[in-house]
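Asks: dropping the sequence and predicted coords here.
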Amino acid sequence: MRTLLGPWICSGMLTAGLLFLYAEHGGYSVLFLFIVTGFMMVQGLIAQGAGPVRIEAIREGPISRLTADQQLNYTLHFTFIGGIPPLWVEIHDPLALEAGQAAPMYIFNGYRRQIRVTQDIYGLRRGIYKSDHISIICGDMFGWFIRKYNVQQEGLFIVFPKIGEVKPTLSFHGSNTGIEVNVEPLIGPGNPGMFIRQYEIGDAWRSIHWKGSSKQARLLTRISEQETLQHNLIVLDCHKGSYTEMDNTTTELTFEKAVCYAVSCIKTACNQSARVHFHLSYSRILHESSSSTEDEAMVMLAGAQISDQGPTSADCIKSLAIGEMPAHTLFITGHLSETLVAASLTSFAFRERSLAIIIVSQNSSGLLLREEAERAEILKQVGIKVEHAHFSSSLPAVGGGL
């Protein structure tokens, strides 16, 4: 809460000048001006001194699922606690500024304790919009004496990534070899065609093999033979260096292409009833930032941000080849760098685990750069697929969030 002193200084000097003129020369006009100025100061003193002690704000987002570039309709509820409610308010909402609408909202409150404001904005970028500070200006009837409040707004809603017309060319059913790593057959009566593997985040509790888990002192999951052929991992590279162009500038639009392609891959995998895990490359430990359901993956994609922290694309590929990981991995990145090629060759070449690398950065003709095309041929010779994404629709603006 902040009170501006400028109007008080100006009006005080004006009142003193009028009082001096009336004392020296008299006159009804000077007396009238003196009375008007005094009235303005008195009502300004009441508006500021007896104004609300604090203001509470709650934002209610849309009930339906909201995607980027859709129109957002939300409601702000304000409650004026203590003192005298203001006659009018001026609202500066950072969410509207995020969507490019810089004009404030002017609301005639009429000394009410509670007001409800509905706002429509368009062009909000994908992101997770958490609590933020709304600037509210309360003023007197003349708009001269004002007081500013920075109100902590409560409420959270998610703007999901836009689903573009991107069609992944890779199938998510099974692999070239049809072999699942670290899966053991479950021997015993009543378990035909069943396998066990280590428990992963998202597995149902009823599928846990409790007897085997107690013997090995770790959680084991019981799965069918069909499930072993539908175990996929989609990884989105979020390192800033992977999206740096030849002129050393980072194109965030290229990262948005990667996010858009990841959304399409997840949708395609779910439509194929494939068993999929999604991962952002923020952490070296995979399960610190992974999901196994479509909704969890979409929330992660909504909040995905490009960063120069964390593992590079090469480091991420190396970590994927260690431990009990899915046999089929789809890695989405910006460029096919030399370090990424070297890490892929040492980690996935001629192994049972399949790897496909999707490149989203491309030249004006929609093709891979010549250097990247040569590196792609080297990887293809050892069984690693390399493709570049094709986009047939316009992409949204870069991701946001508060």
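Replies: Structure received.
Asks: show me what contacts residue 372?
Replies: 335-336, 359 (Cβ atoms under 8 Å, 6 or more residues apart in numbering). From N, CA and C alone the C-beta is placed, and that goes for glycine too.
Asks: and which of the residues you listed is nearest residue 296?
Replies: Ranked by distance to residue 296 (Cβ to Cβ), these are led by residue 359 at 25.9 Å.
Asks: picking that back up, just give me the closest of the contacts of residue 372 to residue 29.
Replies: Using Cβ to Cβ, the contacts of residue 372 come closest to residue 29 at residue 335, 77.1 Å.
Asks: how many neighbouring residues does that closest one have?
Replies: 23 (other Cβ atoms under 10 Å).
Asks: tell me which element it falls in.
Replies: Of the helices and strands defined by DSSP states H and E, none includes residue 335.
Asks: heads up, I number from 643, so please use that
Replies: With the count now opening at 643, the last piece we talked about shows up as residue 977.
Asks: distance check, it against residue 900.
Replies: Between residue 977 and residue 900 the distance is 11 Å, computed by Cβ to Cβ, to the nearest Å.
Asks: shared neighbours of the two, anything?
Replies: Common neighbours of residue 977 and residue 900 (Cβ under 8 Å, 6+ apart) are residue 885.
Asks: sec struct for residue 805, please.
Replies: coil (DSSP: H, G, I helix; E, B strand; the rest coil).
Asks: what's the closest non-adjacent residue to it?
Replies: Spatial nearest neighbour of residue 805, chain neighbours left out: residue 905 (5.5 Å); criterion: Cβ to Cβ, 6 or more residues apart in numbering.
Asks: now do the strands in the stretch 893-1042 of the chain.
Replies: 917-922, 932-933, 970-975, 996-1001, 1027-1030 (DSSP state E, counting those that start in this stretch).
Asks: format the CA atom coordinates belonging to stretch 689-707 as CSV.
Replies: Output of stretch 689-707 as CSV, limited to C-alpha atoms (Å, rounded to 0.1, in the frame of the first residue of the first chain):
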residue,chain,number,x,y,z
ALA,A,689,-10.5,8.6,0.9
GLN,A,690,-6.9,8.0,1.8
GLY,A,691,-6.9,8.0,5.6
ALA,A,692,-10.1,6.0,6.0
GLY,A,693,-9.6,3.8,2.9
PRO,A,694,-9.5,0.0,2.9
VAL,A,695,-6.9,-1.6,5.2
ARG,A,696,-6.2,-4.4,2.7
ILE,A,697,-7.7,-5.9,-0.4
GLU,A,698,-8.2,-9.6,-1.2
ALA,A,699,-8.2,-10.9,-4.7
ILE,A,700,-9.1,-14.3,-6.1
ARG,A,701,-8.8,-15.2,-9.8
GLU,A,702,-11.2,-17.9,-11.2
GLY,A,703,-9.9,-19.4,-14.4
PRO,A,704,-11.9,-21.3,-17.0
ILE,A,705,-13.3,-24.7,-16.2
SER,A,706,-12.6,-26.1,-19.6
ARG,A,707,-9.1,-27.0,-20.8
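Asks: measure how far it is from the centre of its chain, please.
Replies: Here the centre of stretch 689-707 is set off from its chain's centre by 24 Å, with Cα atoms, centre = their mean, to the nearest Å.
Asks: also stretch 729-738?
Replies: With Cα atoms, centre = their mean, you get 24 Å for stretch 729-738.
Asks: and that stretch, what's its mean pLDDT?
Replies: Across stretch 729-738, the average pLDDT comes to 87.
Asks: if we can go back for a sec, least reliable of the strands of the stretch 893-1042 of the chain by average pLDDT, please.
Replies: Among those, strand 932-933 carries the lowest mean pLDDT, at a mean of 58.
Asks: do you have the helices of the protein handy? List them.
Replies: Secondary structure of the chain (DSSP state H): helices located at 648-667, 670-691, 736-740, 852-858, 867-870, 894-913, 936-944, 955-962, 980-990, 1012-1023.
Asks: in CSV, list the ones you listed along with distance to residue 756.
Replies: Output for these, formatted as CSV (distance: least, Cβ to Cβ, whole Å):
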stretch, distance to residue 756
helix 648-667, 28
helix 670-691, 19
helix 736-740, 20
helix 852-858, 54
helix 867-870, 54
helix 894-913, 39
helix 936-944, 32
helix 955-962, 51
helix 980-990, 57
helix 1012-1023, 59
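Asks: nearest to residue 726, of these?
Replies: helix 670-691 (7.1 Å).
Asks: how far off centre is that closest one?
Replies: For helix 670-691, the distance to the chain centre is 51 Å (Cα atoms, centre = their mean).
Asks: run a quick neighbour tally on residue 698.
Replies: 15.
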